[in-house]
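K.L.:
return a 3D structure for these sequence lines:
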Amino acid sequence: MSNKTYLLGGYQTDFIRNWSKENKHLMAMYQEAVEGAMKEVKIDPEEIDVAHVGNFAAELYCMQGHLGAFFVNIDPAFRGLPTSRHEAACASGSIAIMAADAEIEAGRYDLACVLGVEQMKTVDPAEGGNFLGTAAWYELEGKDVEFPFPKLFGQLGDEYDKRYGLKYEYLAEISNINYSNARKNPLAQTRTWYMNKAHACLQDDNNPAVGGRVRISDCSQVTDGAAAVFLASEKYAQKWAERNGKKLSDIPYIKGWGHHTAPILLTDKFEESKDNEYILPHVRSTVTDAYKRAGIADVSGVDGIETHDCFTTSEYMAIDHFGLTKPGESWKAIEEGVIALDGKCPINPSGGLIGAGHPVGATGTRQVLDCYKQVTDTAGDFQIKGAKNMITLNIGGSGTTSVSFVIGVD
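P.N.:
Numbering: from 1, shown residues only. This is a model prediction of the structure:
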């Protein structure tokens with residue numbers, strides 16, 4: 001038996017929902033996502049060996065900690081199940097997957113459920129923005145700053161402009177593509193919203209600046225949501241495949257991964273990279289590690305990307321950090337249509353964080369689930385034709401914690 005970790009599928013809640021208005025507790029998200037995943041993947045609760053929960057800030061948004069323990073309440077069969085919670089800001093879901101993957105590779109367990117979850121619509125936008133500031137160095141970057149993260153990622157755009165030049169029209173096109181893709185995704189938060197490049201290019205009362213060059217149209221959404229995925233050893237995956245009339249070779253697996261952590265202050269990141277062609281070199285290393293572990297030479301070995309577009313500037317950064325262009329030339333991939341849904345390497349066919357939504361602790365698991373859909377030809381209207389390998393990039397903080405997975409089939 002190999003030490004591959006197979007991905008059996010999962011379930012995502014509808015990101016358009018406001019669970020506070022439904023008078024539902026965080027526990028209801030657990031229940032729907034995990035029960036939905038078990039039904040979708042055809043797994044009995046008794047088969048699950050371990051559970052991992054990714055969440056950023058339920059202590060702030062919901063006044064609730066000890067989130068691993070809530071998993072046990074989903075089903076009586078889970079009593080006594082080993083569970084844990086993982087936090088790495090917006091990369092929390094991916095860190096939970098990393099932990100489950102490592103346990104399966106080590107042979108500790110054969111079947112893990114990973115749940116990413118966040119309930120954010122419990123407070124007004126200003127208070128929520130303050131909570132999100134704790135993903136930065138709060139005392140130095142977040143305290144007494146209105147909406148700190150738009151400003152931090154506005155500074156990322158400023159740094160690109162300083163080093164290489166950056167026209168706003170390219171950020172507007174990133175927004176346009178992600179909203180357009182989201183309209184094809186039946187679970188996307190913005191699927192019914194209106195947005196196009198011309199609207200994104202406007203700076204008016206409907207699209208004000210919130211952080212330097214960052215406007216409302218450049219921002220990811222405030223989202224309630226959960227996504228659960230099942231990871232399995234080859235031993236379990238073989239058994240699961242046989243009973244579901246599948247071949248083991250048809251089941252996607254984690255081909256490669258990368259994980260790096262940069263200094264938490266954005267100014268320290270810029271200072272560290274001042275002589276580097278990549279503005280966030282630790283993000284670049286995360287991606288190249290994933291390529292290397294997957295046995296892929298470069299971005300030409302993947303068919304599409306699910307990346308962390310918390311702001312259009314973070315996706316602009318990701319384009320050259322994935323290697324779609326030379327450093328500083330991300331605009332070329334946008335202008336040439338490379339990242340469009342029908343392009344050479346589509347980015348965020350799901351709509352990404354801007355279009356699909358960004359329930360912080362669930363984004364990493366949602367990205368992996370959408371990559372699973374792509375490589376199993378089950379993504380529906382946002383399917384990339386013939387996709388065999390997909391890559392993710394999930395970022396916590398201002399490019400601080402970076403995690404990347406290559407998900408594919410042979």
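
K.L.:
chain center to stretch 339-349: distance?
P.N.:
Offset of stretch 339-349 from its chain centre (Cα atoms, centre = their mean, to the nearest Å): 16 Å.

K.L.:
measure stretch 292-311 end to end?
P.N.:
27 Å (Cα to Cα, to the nearest Å).

K.L.:
which parts of it are buried?
P.N.:
Neighbour-count burial for stretch 292-311 flags 293-294, 296, 299, 301-311 (criterion: 16 or more other Cβ atoms under 10 Å). In short, each C-beta sits where N, CA and C put it, glycine included.

K.L.:
again, but for stretch 61-79
P.N.:
The neighbour-count check on stretch 61-79 (16+ other Cβ under 10 Å) flags 61-62, 67-68, 70-72, 74-75, 78 as buried.

K.L.:
just stretch 120-131 next, same as before
P.N.:
Judged by neighbour count (16+ other Cβ under 10 Å), stretch 120-131 contains these buried residues: 120-123, 128-131.

K.L.:
any low-confidence regions in the chain?
P.N.:
Scanning the chain for pLDDT under 70 picks out 1.

K.L.:
can you give me the strands in it?
P.N.:
For the chain, the strands defined by DSSP state E cover 6-12, 50-54, 83-86, 111-118, 209-211, 214-215, 225-232, 253-261, 304-306, 389-392, 394-396, 401-408.

K.L.:
of all the residues in stretch 47-61, which ones are buried?
P.N.:
Of all the residues in stretch 47-61, those buried under the rule 16+ other Cβ under 10 Å are 47-58, 60-61.

K.L.:
of the residues you listed, which is the nearest to residue 268?
P.N.:
Distance to residue 268 across the buried residues of stretch 47-61 (Cβ to Cβ) is lowest for residue 56, with 21.7 Å.

K.L.:
quick check: that closest one touching residue 360?
P.N.:
Yes: using Cβ atoms under 8 Å, residue 56 is in contact with residue 360, at 4.3 Å.

K.L.:
please enumerate the shared neighbours of those two.
P.N.:
Residues touching both residue 56 and residue 360 by Cβ atoms under 8 Å, 6 or more residues apart in numbering: 89-90, 92, 118.

K.L.:
in JSON lines, list the buried residues of stretch 47-61 along with distance to residue 333.
P.N.:
Formatted as JSON lines, those follow (distance: Cβ to Cβ, whole Å):
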{"residue": "47", "distance to residue 333": "43"}
{"residue": "48", "distance to residue 333": "41"}
{"residue": "49", "distance to residue 333": "42"}
{"residue": "50", "distance to residue 333": "40"}
{"residue": "51", "distance to residue 333": "39"}
{"residue": "52", "distance to residue 333": "34"}
{"residue": "53", "distance to residue 333": "35"}
{"residue": "54", "distance to residue 333": "30"}
{"residue": "55", "distance to residue 333": "33"}
{"residue": "56", "distance to residue 333": "30"}
{"residue": "57", "distance to residue 333": "33"}
{"residue": "58", "distance to residue 333": "37"}
{"residue": "60", "distance to residue 333": "37"}
{"residue": "61", "distance to residue 333": "36"}
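
K.L.:
farthest pair within those?
P.N.:
The span of the buried residues of stretch 47-61, defined through Cβ to Cβ, is set by 47 and 60 at 34.3 Å.

K.L.:
picking up where we left off before, who wins on neighbours among the shared contacts of residue 56 and residue 360?
P.N.:
Highest neighbour count within these: residue 92, with 31 neighbours (other Cβ atoms under 10 Å).

K.L.:
what residues are up against it?
P.N.:
Contacts of residue 92 (Cβ under 8 Å, 6+ apart): 54-56, 86, 116, 360-361, 364, 396.

K.L.:
ditto for residue 132
P.N.:
Contacts of residue 132 (Cβ under 8 Å, 6+ apart): 57, 148-149, 360.

K.L.:
quick check, nearest of those to residue 232?
P.N.:
Residue 232 lies nearest to residue 360 out of the contacts of residue 132, by Cβ to Cβ, at 26.3 Å.

K.L.:
correct me, but that closest one touches residue 90?
P.N.:
Yes: the criterion here is Cβ under 8 Å, and residue 360 meets it with residue 90 at 5.1 Å.

K.L.:
ok, residue 233 - contacts?
P.N.:
Counting by Cβ under 8 Å, 6+ apart, residue 233 makes contact with 1, 4-6, 104, 107, 109-111.

K.L.:
looking at those, state which has the most neighbours.
P.N.:
Greatest neighbour count in the contacts of residue 233, by other Cβ under 10 Å, goes to residue 104: 27 neighbours.

K.L.:
wait, doesn't that residue sit right on residue 232?
P.N.:
Yes: with contact defined as Cβ under 8 Å, residue 104 reaches residue 232; the gap is 7.0 Å.

K.L.:
so for these two, which residues contact both of them?
P.N.:
5, 110, 112.

K.L.:
mind putting these into a markdown table with distance to residue 318?
P.N.:
Formatted as a markdown table, the shared contacts of residue 104 and residue 232 follow (distance: Cβ to Cβ, whole Å):
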| residue | distance to residue 318 |
| --- | --- |
| 5 | 24 |
| 110 | 34 |
| 112 | 28 |
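
K.L.:
of those, which is the nearest to residue 135?
P.N.:
Taking the shared contacts of residue 104 and residue 232 together and measuring to residue 135 by Cβ to Cβ, the closest member is residue 112, at 25.6 Å.

K.L.:
ok, the closest one to residue 230 distance?
P.N.:
The gap separating residue 112 from residue 230 is 7 Å, by Cβ to Cβ, to the nearest Å.

K.L.:
got a list of what the residue nearest to residue 408 when sequence neighbours are not counted touches?
P.N.:
In space, not counting the residues next to it along the chain, residue 408 is nearest to residue 389; the distance is 3.7 Å by Cβ to Cβ, 6 or more residues apart in numbering. Applying Cβ under 8 Å, 6+ apart to residue 389 gives the contacts 255, 294, 296, 301-303, 375, 406-409.

K.L.:
could you rerun that using 7 Å?
P.N.:
255, 301-303, 375, 406, 408 (Cβ atoms under 7 Å, 6 or more residues apart in numbering).

K.L.:
please apply the same query to residue 272.
P.N.:
When contacts are counted by Cβ under 7 Å, 6+ apart, residue 272 is found next to residue 263.
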